[in-house]
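Participant: Model the structure of this input:
(chains A and B)
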Number of protein chains: 2
Amino acid sequence: MTSGLAFTIDTIDGAARLGRLDTAHGSVRTPAFMPVGTAATVKAMTPESVRATGADIILGNTYHLMLRPTAERIERLGGLHKFMNWPGPILTDSGGFQVMSLAKLRRIEETGVTFQSHLDGATIKLTPERSIDIQRMLGADITMAFDECTPYPSSEEDAATSMRLSMRWAARSKAAFDARAGHGLFGIVQGSVYPGLRAESAAALTDLGFDGYAIGGLAVGEGQEQMFQVLDAIVPRLPAGRPRYLMGVGKPDDIVGAVLRGVDMFDCVLPTRSGRTAQAFTRTGTINLRNARHADDPEPLDPACRCPACTQYSRAYLHHLAKAEEILGPMLLTWHNLTYYQDLMAELRAAISARGVSAFAAAFAARGGEDGG
Amino acid sequence: MTSGLAFTIDTIDGAARLGRLDTAHGSVRTPAFMPVGTAATVKAMTPESVRATGADIILGNTYHLMLRPTAERIERLGGLHKFMNWPGPILTDSGGFQVMSLAKLRRIEETGVTFQSHLDGATIKLTPERSIDIQRMLGADITMAFDECTPYPSSEEDAATSMRLSMRWAARSKAAFDARAGHGLFGIVQGSVYPGLRAESAAALTDLGFDGYAIGGLAVGEGQEQMFQVLDAIVPRLPAGRPRYLMGVGKPDDIVGAVLRGVDMFDCVLPTRSGRTAQAFTRTGTINLRNARHADDPEPLDPACRCPACTQYSRAYLHHLAKAEEILGPMLLTWHNLTYYQDLMAELRAAISARGVSAFAAAFAARGGEDGG
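Facilitator: The predicted structure follows:
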């Protein structure tokens, strides 16, 4: 098929790729990290600040937006880009994952999933066709096929049943998708931790043909080693010329390891959620700013970081904001964590460009991790 | 006395004055509104954003800061300006008002006030000397004399006893204050709603000599009419060449009326607190953005406003943020409300400069007020 999304690979270093994905709302430098803008806002950030961190693209959550303010309302108001004042590319998920994790009284049938809203208990049915239509109303640059996120752990039989349902839904998602220039539809590989099922899923999606290929159902408790094993098995089976998106991942070292294995796109709530609980990612490890040892520390959070939290404030001040539960705390720490993630992606891109990504990954692993405070 | 703070009056229009107050950290254009930065942050705002609204000076709360992170810690870290990254002038209150409104188990004696911290129950004594020393450690450009904020209502006898204690504390505050260029000490007129007591207080403070004169104990429930009567009685008794500061005031029309009566400085939590409860001040009245009538409204909050909330978003989006309880809601609405207040001050200054402040006040009164939604 001719894709609605041009994807250009500039450099390949081992399995890692440096590229550019062109959408109706601009280009995405890959490997890319997408901040999560669940309810039409990246929590505690203005869109200008999100852009200043270096983000090219953000993610919106179909499940949340369909419930409030509703996709119909966003469409009437001119689409999600205009509504939330984010002029860049937006990827929307299909709602499948949140139906599993947030909604109540789910009933899964061949046609789709019926569930109760976690907001008001209303009974709602989400089908592949409905999910694709919602994402069209939102104005997504990248639309995700509707799938069932297989629970973890699952038996191979249950994982096969779930994956095959998702593959039938992928075909219906594609049939329902209105192809346009600058807009694309991604399929989602499922199959839990079973290499045979993952291979079957990848083949089914490749046969259908998508603008990009996501890997779903990981980072759900299987651990990094098993996640990397799945990537080792599945990434080589995905079309080389199309972007690969590892959904919901992850910690910084998860991302480095996945880039080494050929993944191009990521999203995760970790930097934003951590920013609201006083957890900061730094070049010397993860820091809990509530810890009393920061109370008198005049030093910056991360002296190598360019964000306002690091260039304009001390650890003592950030500690004070956390203790006083001031809104500026989540604002500054979210800004910092997203900057950390975007700088990591920029470093990865530079390393691939210089064909030194393996050395970068080794140096990154030596940086240090959780410091417990 | 020779003041540590130069105050230049450029234009007088009726009783209203256009002026400039020069401090160690820069100039304040008067009439001025000071956003409240209680705990070393103007809630939900970065200092850059506070400055962008047009604020020249902010207020810090001695009571909150002495409890957390403590004045000693802020001094060790280089003072409040550096700690919170606000390079402009800072006025600190004396702690007296918050001791009355927030602390528990207060005991008022001639020496000072003993109370329990609302944070951890610790027993603390605040005296005029201690309050002045705390404000010195914070690095205040403008220090407030320690006073007892007389409860409202009070009998004339109780109000007299309270005011005379505050006048003795004002003398002790002045004795404890270390005069330096660019730094000043303001006395606080008390006396409740009793003109004779207010006059006695003003005379006592004028005899002592301060860099500025605050009017305390108003906006505590007496109503706008009685507040204006007190101003009519007291402002003419204050030294003409020194700034006058009406503490804790107020609503926009309170400020307009007080400027007409010769007040130069104001502070109030109203714009910031309202911003956190989805209340917005606009040129056509006060708006509650939680109201469902805004859900589909593509129009800006206030089309005449220059702030990001108004230039970049719809009422529908601001309504959505309020309903979803997203942090960006308080961020944008605080920014808006502070911009509204600063623009009002700029309009007042322009009107005085053009010797048209009475006409401005009449037009302002005709603008409309609460619209209930």
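Participant: going on from the helix or strand harbouring A:H320, what's the next piece of helix or strand?
Facilitator: Per DSSP states H and E, A:H320 falls inside helix A:315-324. Once helix A:315-324 ends, the next helix or strand along the chain (criterion: DSSP H and E) is helix A:328-353.
Participant: Report the buried residues of that following helix.
Facilitator: A:328-345, A:348-349, A:351-352 (16 or more other C-beta atoms under 10 Å in any protein chain shown). Any C-beta I mention is one placed from the backbone N, CA and C, and that applies to glycine too.
Participant: of the residues you listed, list those near chain B.
Facilitator: A:L328, A:P330, A:M331, A:L332 (C-beta under 8 Å from any C-beta of the partner chain).
Participant: Up against chain B, what does the stretch 101-250 of chain A have?
Facilitator: Counting by C-beta under 8 Å from any C-beta, the stretch 101-250 of chain A has no residue next to chain B.
Participant: so where do the helices sit in the stretch 101-250 of chain A?
Facilitator: A:128-138, A:156-176, A:195-208, A:224-234 (DSSP state H, counting those that start in this stretch).
Participant: hey, which of those is tucked in deepest?
Facilitator: Mean neighbour count (mean count of other C-beta atoms under 10 Å in any protein chain shown) peaks for helix A:128-138 among the helices of the stretch 101-250 of chain A, with a mean of 23.
Participant: between that helix and helix A:156-176, how many degrees?
Facilitator: 50 degrees (axes from the mean of the first three to the mean of the last three C-alpha atoms, to 10 degrees).
Participant: what about dumping the CA coordinates of helix A:128-138 to PDB?
Facilitator: Output of helix A:128-138 as PDB, limited to C-alpha atoms (Å, rounded to 0.1, in the frame of the first residue of the first chain):
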ATOM      1  CA  PRO A 128     -13.100  -1.100  15.800                       C
ATOM      2  CA  GLU A 129     -15.300   1.100  13.600                       C
ATOM      3  CA  ARG A 130     -16.300   3.300  16.500                       C
ATOM      4  CA  SER A 131     -12.700   3.700  17.800                       C
ATOM      5  CA  ILE A 132     -11.500   4.700  14.300                       C
ATOM      6  CA  ASP A 133     -14.400   7.100  13.900                       C
ATOM      7  CA  ILE A 134     -13.500   8.700  17.300                       C
ATOM      8  CA  GLN A 135      -9.900   9.100  16.300                       C
ATOM      9  CA  ARG A 136     -11.000  10.700  13.000                       C
ATOM     10  CA  MET A 137     -13.200  13.200  15.000                       C
ATOM     11  CA  LEU A 138     -10.300  14.000  17.300                       C
END
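Participant: Quick one: mean pLDDT over it.
Facilitator: When pLDDT is averaged over helix A:128-138, the result is 98.
Participant: Now do that helix: distance to the chain's middle.
Facilitator: Helix A:128-138 sits 19 Å away from the centroid of its parent chain (C-alpha atoms, centre = their mean, to the nearest Å).
Participant: next one: stretch A:113-122
Facilitator: The answer for stretch A:113-122 is 24 Å, by C-alpha atoms, centre = their mean.
Participant: what's the closest non-adjacent residue to A:L5?
Facilitator: A:G184 (3.7 Å; C-beta to C-beta, 6 or more residues apart in numbering or on different chains).
Participant: try A:A122
Facilitator: A:Q116 (6.8 Å).
Participant: mind listing what the one you found touches?
Facilitator: A:A103, A:K104, A:L105, A:A122, A:T123, A:I124 (C-beta atoms under 8 Å, 6 or more residues apart in numbering or on different chains).
Participant: okay, now the first one: neighbour count?
Facilitator: Yep, that's A:A103 we're talking about. 20 (other C-beta atoms under 10 Å in any protein chain shown).
Participant: Pick out the residue in the stretch 151-300 of chain A sitting closest to chain B.
Facilitator: A:P298 (5.6 Å; C-beta to the nearest C-beta).
Participant: Please state the backbone phi and psi of that residue?
Facilitator: Phi and psi for A:P298, reported as degrees, to the nearest 10, are phi -80, psi 0.
Participant: Could you double-check that it lies in contact with B:G79?
Facilitator: No - contact criterion C-beta atoms under 8 Å: A:P298 and B:G79 do not qualify, at 11.9 Å.
Participant: the more surrounded of these two?
Facilitator: A direct count of neighbours by other C-beta under 10 Å for A:P298 and B:G79 places B:G79 higher, at 17 against 13.
Participant: Looks like the more buried one contacts B:G139 (just checking).
Facilitator: Yes - using C-beta under 8 Å, B:G79 is in contact with B:G139, at 3.3 Å.
Participant: Could you tell me which residues make contact with A:M247?
Facilitator: Contacts of A:M247 (C-beta under 8 Å, 6+ apart): A:D93, A:F97, A:I188, A:A214, A:I215, A:G216, A:L218, A:A219, A:D267.
Participant: same thing but at 6 Å, please
Facilitator: By C-beta atoms under 6 Å, 6 or more residues apart in numbering or on different chains, the contact set of A:M247 is A:A214, A:G216.
Participant: Below-threshold pLDDT in chain A: ranges please.
Facilitator: Chain A contains residues with pLDDT under 70 at A:1-2, A:368-373.
Participant: Outline the domain layout of it.
Facilitator: Here the domain parsing of chain A from automatic domain parsing is A:6-269, A:275-364.
Participant: Can you check the distance spanned by the last one, start to finish?
Facilitator: The one in question is domain A:275-364. 22 Å (C-alpha to C-alpha, to the nearest Å).
Participant: Also the longest one?
Facilitator: Between the start and the finish of domain A:6-269 there is a gap of 27 Å, counting by C-alpha to C-alpha.
Participant: now that domain, how far from the chain's geometric center?
Facilitator: 7 Å.
Participant: Just list the residues touching the closest residue to A:A295 other than its chain neighbours, thanks.
Facilitator: Leaving aside its chain neighbours, A:A295 sits nearest to A:H319 (5.3 Å; criterion: C-beta to C-beta, 6+ apart). Each residue near A:H319 by C-beta under 6 Å, 6+ apart is listed here: A:L289, A:H294, A:A295.
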